[in-house]
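> structure of the sequence below:
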Amino acid sequence: MGIIFAIFKKEFRSYFVSPVAYVMITIFLIVSNWLFFNTYFLDKEASMRLFIARMPWIFLFFIPAITMRIWAEEKKLGTIELLMTLPIKDYEAVIGKFISSFAFLVLCLILTFSVPATVAYTGNPDWGPVIGGYLGALLMGTAYLSLGLFISSITENQIIAFIIAIMISFVFLIIGDNFVLYSVPYFLVPLFEYLGFGSHFMSISRGVIDSRDLIYYFSFIFFFIFLNIRSVESRKW
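Numbers count the residues shown, from 1 in each chain. Prediction:
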């Protein structure tokens, strides 16, 4: 755990040694707040429903921007070999980098405090969907992170990692939507619906914490962390 924590501190600190992290956080907050407050006062409803509903689409671009450099930059600069010559196991490096990106995601979500604060000030919201919405956003964002980190580990080009992560994340985002389900054979509908992020996210965001949704997200996250570890180990082959 000491090694994982050391990697976490190094990676998390690296976000803030350049203006990139500050620019990304600023863009994230401006986009998410503007999309919400643009119509909030017109709707005259103390609800964060639209804010939560748009979060998967914001994460679709924001999360790959976070993960694209984490492994690709190491491979391009050759520092991955230096990292792996240290007494560090592959899984420790992967988990340390994953936790650092997760902490960055949590920080970004915490900084959106102005949204629930405004909703609470202007009305009497139902806090169940608010808490569920943030939990759903955190789980979906973490799923995006695990996928993006794996993609970053299989290429040296950050732009390629960014584009591929967006494309695959987009597939998982829409695969369970109704317009996709209407176009697939009936016997595949339950499978597509289960594999898609949408149904699980919407269930949690309504404040319904179902073990099936939690199992789905945790399985997705652990699967791509496992693939990330295997990808890092492949340099030995």
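> just the element for the residue lying closest to Val31 once chain neighbours are set aside, please.
Leaving aside its sequence neighbours, Val31 sits nearest to Ile58 (CB to CB, 6 or more residues apart in numbering; 6.0 Å). Backbone N, C-alpha and C define where each C-beta goes, glycine included. Taking DSSP states H and E as the definition, one finds Ile58 inside helix 49-67.
> which residues does Met24 contact?
62, 65-66 (CB atoms under 8 Å, 6 or more residues apart in numbering).
> that older thread, residues in contact with the residue nearest to Val31?
Ile58 makes contact with 28, 31-32, 35, according to CB under 8 Å, 6+ apart.
> out of those residues, which is most surrounded?
Neighbour counts for these peak at Ser32, which has 23 neighbours (criterion: other CB atoms under 10 Å).
> how about whichever helix or strand that one is part of, which residues are buried there?
Using DSSP H and E, Ser32 falls within helix 19-43. By 16 or more other CB atoms under 10 Å, the buried positions in helix 19-43 come out as 21, 24-25, 28, 32-33, 35-36, 40.
> what is the orientation angle of that helix with helix 49-67?
Helix 19-43 runs at 170 degrees relative to helix 49-67, counting by axes from the mean of the first three to the mean of the last three CA atoms, to 10 degrees.
> pLDDT (mean, whole number) over helix 19-43?
For helix 19-43, the mean pLDDT works out to 85.
> center of the chain, which residue is that?
Nearest to the geometric centre of the chain sits Gly141, at 2.3 Å (CA atoms, centre = their mean).
> my guess is that one meets Ile63, correct?
Yes: contact criterion CB atoms under 8 Å: Gly141 and Ile63 qualify, at 6.0 Å.
> now the top helix by length along the chain, how far from the centre of its chain.
Assignment by DSSP state H gives helix 127-153 as the longest helix of the chain. The chain centre lies 4 Å from the centre of helix 127-153; the measure is CA atoms, centre = their mean, to the nearest Å.
> elements contacting it?
On a contact count with 3 or more CB pairs under 8 Å, 6 or more residues apart in numbering; DSSP states H and E, helix 127-153 meets helix 49-67, helix 72-77, helix 90-110, helix 158-174, helix 197-205, helix 211-233.
> lowest-confidence helix or strand of this structure?
Here the helix or strand of the chain ranked lowest by mean pLDDT, DSSP states H and E is helix 79-85, holding a mean of 66.
> who are the contact partners of the closest residue in space to Ser146 that isn't next to it in sequence?
Excluding the flanking residues, the one nearest Ser146 by CB to CB, 6+ apart is Phe224, at 3.8 Å. By CB under 8 Å, 6+ apart, the residues touching Phe224 are 143, 146-147, 149-150.
> go with 6 Å
Counting by CB atoms under 6 Å, 6 or more residues apart in numbering, Phe224 touches 146-147, 150.
> could you measure from Glu92 over to Val180?
Distance of Glu92 to Val180, computed by CB to CB, to the nearest Å: 39 Å.
> same question for Ile221.
From Ile221 to Val180 the distance is 23 Å (CB to CB).
> neighbour count winner among these two?
Neighbours were counted for Ile221 and for Val180 using other CB under 10 Å; Ile221 has more, 19 against 16.
> around the residue lying closest to the more buried one once chain neighbours are set aside, how many other residues sit close by?
Ranked by CB to CB, 6+ apart and with sequence neighbours excluded, the top spatial neighbour of Ile221 is Ser146, at 4.5 Å. Ser146 has 25 neighbours, counted by other CB under 10 Å.
> please apply the same query to the one 3 residues further on.
Other residues within reach of Leu149, judged by other CB under 10 Å, total 26.
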